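1. okay, here's the prediction I keep looking at, along with the sequence it came from:
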Amino acid sequence: MSEKLTSEKAVRAAFWRENPGLARRRGVGQNGQVCNTRCAWVTWVDNQARDGRISARLADRVTL
């Protein structure tokens, strides 16, 4: 199992590290990202919460 993620910053960093092929627009926030990236983010966060890598509370509040 991968390391536990306990902060929003760590969750975002892990997402980008584990998904290097996704389009990334820096400095635009979550809604400024392209649709495919936002969809991948939601799926990834849900999977991390289901697998116990992040808490449900963190999954509910973390944004890209």
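-> Cool, got the structure.
2. low-confidence ranges in this structure?
-> Applying pLDDT under 70 to the chain picks out residues 1.
3. any idea how far residue 24 is from residue 49?
-> 22 Å (C-beta to C-beta, to the nearest Å). C-beta: built from backbone N, CA, C; applies to glycine.
4. the two: which is more packed in?
-> residue 49 (17 against 14; other C-beta atoms under 10 Å).
5. residue 56 is in contact with the more buried one, correct?
-> Yes - contact status for residue 49 versus residue 56: in contact at 5.4 Å, counting by C-beta atoms under 8 Å.
6. let's see the helix or strand residue 13 falls within as CSV, backbone CA atoms only.
-> If you go by DSSP states H and E, residue 13 is part of helix 8-18. Extracted C-alpha coordinates of helix 8-18, given in CSV (Å, rounded to 0.1, in the frame of the first residue of the first chain):
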residue,chain,number,x,y,z
GLU,A,8,-4.4,18.5,1.1
LYS,A,9,-1.0,19.5,-0.2
ALA,A,10,0.2,15.9,0.0
VAL,A,11,-2.9,14.6,-1.8
ARG,A,12,-2.4,17.1,-4.7
ALA,A,13,1.3,16.3,-5.0
ALA,A,14,0.6,12.5,-5.1
PHE,A,15,-2.1,13.0,-7.7
TRP,A,16,0.2,14.9,-10.1
ARG,A,17,3.2,12.5,-9.4
GLU,A,18,1.0,9.5,-10.1
